[in-house]
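Trainee: pasting a predicted model and its sequence here:
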Amino acid sequence: FEAMPRRGAGGVRGRPFAHHNKAKAAAESGNTVSHKLLLNALRSGTLNLQNREMTVIPDDVYKLNDPELLQNLVGSDDDLKWWETEPIAKLYLCSNKINVITPAIAGLNSLTLLDLRDNQLECVPEELSQLEVLTRLELSHNRLTSLPATLGPALQHLSLNNNNFETMPPAISSLRSLLTLDLRENRIAVLGELPCSLQSLVVDDNKLTTLHIENHPTLAAVTATNNNLTSCRVGNLPQLKVLSVRINKLEFLEPIINCPELGEILVGKNFINNLDFIVPCAGTLTVLDCSDNKVSALPESVISMSKLKRLDVSNNNLNNLPPQLALMENLNSLSVEGNPLRTIRREIIAKGTNAIKEYLQLKLSPEDLDQEGPTIPDIQPDEIMLQTKTLEMDRTTSIPNDVWDQAVVCAIVRLSMQHCGLTVIPDQVVNLRASLQELELGSNNLHQLPPEIGKLVKLRKLNLLNNNLKELPAECSSLVALEDLNLGQNKFDTVPECLYSLPAICNLIISNNQIRTVEPAKLMTMTSLVCLDLENNNIGRLPPELSLIPNLRTLLVMGNTFKIPRADVLAKGSAEVIAWLKNKVPQP
């Protein structure tokens, strides 16, 4: 006891007690750190000061790498040797009331992690750029509106969510090691240039109106939920796996091209009315959330998604579901409630995915059960073909396999192979059945069509003008969407029987053939028929009952062998011919 100095000696009574009270007050405010905590930090390289009501960072914390402080701390503990100390690598200061970081932070140049979440910071000092090994900086839940011009060059993870940023800080663009960037819940209206190394971008709950991200080599995840997006263009992102733009104002998305790893697309709660944007990435998707939109029909590309596990199209405008959904083996979550579905009862929908798929299986045609869907090649779509949805190969003797693959990937709707000298339809045409709507095969040397032609169930227009066809296969009766059919300049001697069962035929051209008779009773069953061209055939008698075809407006019959009606009647046009025939219909 005699070795201890006597506090208060020297005639200054009460001063030591004032110092003691100040220290006590500081300790109660959380702005001091005990030697024990500092010593533990030197042992582990980590100092945890979270949730201590601190308003400032104590000076001793800034000086943890200072040799003099280090010597004093080590000298006060017989169990700690200087060679056993660790540089301070991790500093946790979250959930305090800190409102300022001083330039002294530069002294902690050994930090790899600095956690300042949930404080009251309005700015941070430029000296942060001197933390050359800092890889993670947590600044979320503060009051920041800007950042210094530069930040630590090694920074990999930056969290700035729940601040007051109105623009993306320019310093971010120059962070060449940055992997993750969290900008949630700010007021950002426009994104700046993204770092070339970035893998994850989170900009939920901001004020973005456009999201245009292209030609980025490493970006794997983009989430921009709950913004004001009216435009979204994403492409040429070879590592992109997740895209979320839920809760925005999007009416459409541009086709997502050159994203070969894309597995999840989340576009729920927008105003989207079609899903054409998924076509280029149909082969890779596992999750597609299109809930709460205005989609009225599912594209064929959905059915071709062999990897799809979850499909949410709830609360849209769907009237029906493609039965082929039942054939999607990996689909284990299907949400369709909230649609005006006419064919599926509510109790079936309420039972969930398995019940819906079992119901749809009952609606499958024999052809659906026998055939497998087309395989989508794992290649990047051709941008021009993807945009035009057309493949024109007129006057071409052969088409390379890679072009056929592109046609499948781009889901073309129109294929033209005229003047190609074809004697048979290439097998690859059937592989386009998921999307093909127009097929131009005029001026070839076709003698017959393969039965597989019946698999082109989306076909709306078929041009077979100027070939050597004498008949059509019965399988053509499966072309239920066919509206325009041109069989002119072939060798038919009768109207093919399979055509009478096609409900959508509007325009039928079968001129310049060898047809001798027509059967009005069968033609009258074609209730959608508007135009019938029978010119230049060998029809010897024109039945008056042709005028009874319900919606017929155009009837072309010149150049046949019949004598009645006379040429002067035919010259007056279709309306006069139909009226003349109607007057000749026998009265009951």
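Mentor: Happy to help now that I have it.
Trainee: on the three-state scheme, the most centrally placed residue in the chain is what?
Mentor: In the chain, the residue lying closest to the centroid (C-alpha atoms, centre = their mean) is residue 265, at 4.4 Å. Each residue gets one of three states, and residue 265 gets strand by DSSP: H, G, I helix; E, B strand; the rest coil.
Trainee: show me where pLDDT drops low in the stretch 351-500 of the chain?
Mentor: 365-375 (pLDDT under 70).
Trainee: show me where it has its strands.
Mentor: 390-392, 414-416, 438-440, 461-463, 484-486 (DSSP state E, counting those that start in this stretch).
Trainee: residues in contact with residue 262?
Mentor: 237, 240, 241, 242, 243, 256, 281, 284, 285 (C-beta atoms under 8 Å, 6 or more residues apart in numbering). All C-beta atoms are positioned from the backbone trio N, CA, C, and that covers glycine.
Trainee: the second one: how many residues sit nearby?
Mentor: Here the count is done by other C-beta atoms under 10 Å, and residue 240 has 26 residues near it.
Trainee: nearest spatial neighbour of it, chain-adjacent residues omitted?
Mentor: residue 259 (4.7 Å; C-beta to C-beta, 6 or more residues apart in numbering).
Trainee: ok, that neighbour - contacts?
Mentor: Contacts of residue 259 (C-beta under 8 Å, 6+ apart): 234, 235, 236, 237, 238, 240, 280, 281, 284.
Trainee: without its sequence neighbours, what residue ends up closest to the second one?
Mentor: Pointing back at residue 235 there. residue 257 (4.4 Å).
Trainee: then residue 333?
Mentor: Closest to residue 333 by C-beta to C-beta, 6+ apart is residue 310, at 4.1 Å.
Trainee: from residue 106, how far out is the one you found?
Mentor: 49 Å (C-beta to C-beta, to the nearest Å).
Trainee: now distance to residue 114 and mean neighbour count too, for the strands of the stretch 351-500 of the chain, in CSV please.
Mentor: CSV is the format used below for the strands of the stretch 351-500 of the chain (distance: least, C-beta to C-beta, whole Å; neighbours: other C-beta atoms under 10 Å):
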stretch, distance to residue 114, mean neighbour count
strand 390-392, 56, 17
strand 414-416, 58, 19
strand 438-440, 61, 19
strand 461-463, 65, 20
strand 484-486, 68, 21
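Trainee: relative to residue 404, which of the ones you listed is closest?
Mentor: In terms of C-beta to C-beta, the element of those nearest to residue 404 is strand 390-392, at 8.7 Å.
Trainee: elements contacting the closest one?
Mentor: Packing partners of strand 390-392 (3 or more C-beta pairs under 8 Å, 6 or more residues apart in numbering; DSSP states H and E): helix 401-409, strand 414-416.
Trainee: can I get these in TSV including distance to residue 489?
Mentor: Below are these laid out as TSV (distance: least, C-beta to C-beta, whole Å):
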stretch	distance to residue 489
helix 401-409	27
strand 414-416	17
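Trainee: right, so of the ones you listed, which gets closest to residue 433?
Mentor: Across the helices and strands packed on strand 390-392, closest to residue 433 is helix 401-409 (C-beta to C-beta), at 9.9 Å.
Trainee: which positions in that closest one come out as buried?
Mentor: By 16 or more other C-beta atoms under 10 Å, the buried positions in helix 401-409 come out as 404, 405, 406, 407, 408, 409.
Trainee: what of stretch 468-486?
Mentor: 469, 471-473, 475-479, 482-486.
Trainee: what of stretch 548-562?
Mentor: For stretch 548-562, by 16+ other C-beta under 10 Å, it's 548, 549, 552, 555, 556, 557, 560.
Trainee: for the third one, which residues are in contact?
Mentor: The neighbourhood of residue 552, defined by C-beta under 8 Å, 6+ apart, consists of 529, 530, 531, 532, 546, 578.
Trainee: do you know how far the last one is from residue 502?
Mentor: Read it as residue 578. 22 Å.
Trainee: can you check residue 435 too?
Mentor: According to C-beta to C-beta, residue 435 and residue 502 sit 20 Å apart.
Trainee: ok, residue 260 - how many residues close by?
Mentor: Residue 260, neighbours per other C-beta under 10 Å, totals 16.
Trainee: I'd guessed it sits against residue 239; true?
Mentor: No: if you go by C-beta atoms under 8 Å, residue 260 and residue 239 don't touch, sitting 9.0 Å apart.
Trainee: helices and strands of this protein: which one has the lowest mean pLDDT?
Mentor: helix 15-29 (a mean of 39; mean pLDDT, DSSP states H and E).
Trainee: can you tell me how far residue 236 is from residue 409?
Mentor: Distance from residue 236 to residue 409, by C-beta to C-beta: 15 Å.
Trainee: now do residue 72
Mentor: In terms of C-beta to C-beta, residue 72 sits 69 Å off from residue 409.
Trainee: just residue 380 next, same as before
Mentor: Distance of residue 380 to residue 409, computed by C-beta to C-beta: 8 Å.
Trainee: can you check residue 170 too?
Mentor: Residue 170 is 39 Å from residue 409, by C-beta to C-beta.
Trainee: dump the residue contacts of residue 190.
Mentor: Applying C-beta under 8 Å, 6+ apart, the residues near residue 190 are 167, 168, 208, 210.
Trainee: isn't residue 479 up against residue 460?
Mentor: No: counting by C-beta under 8 Å, residue 460 is not a contact partner of residue 479; they are 9.1 Å apart.
Trainee: which residues does residue 506 contact?
Mentor: 483, 484, 528, 529, 530, 531.
Trainee: and those residues as a markdown table, adding distance to residue 293?
Mentor: Formatted as a markdown table, the contacts of residue 506 follow (distance: C-beta to C-beta, whole Å):
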| residue | distance to residue 293 |
| --- | --- |
| 483 | 28 |
| 484 | 32 |
| 528 | 31 |
| 529 | 36 |
| 530 | 34 |
| 531 | 37 |
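Trainee: among those, which are in helices?
Mentor: The helices, defined by DSSP state H, take in nothing from those.
Trainee: and these, which is closest to residue 101?
Mentor: residue 483 (70.4 Å).
Trainee: show me where the chain dips below the pLDDT cut-off.
Mentor: Within the chain, the ranges that satisfy pLDDT under 70 run 1-30, 73-83, 300-301, 304, 365-375, 588.
Trainee: the same query, at a cut-off of 50, please.
Mentor: Scanning the chain for pLDDT under 50 picks out 1-29.
Trainee: A strand includes residue 555, no?
Mentor: Yes: under three-state DSSP, residue 555 sits within a strand.
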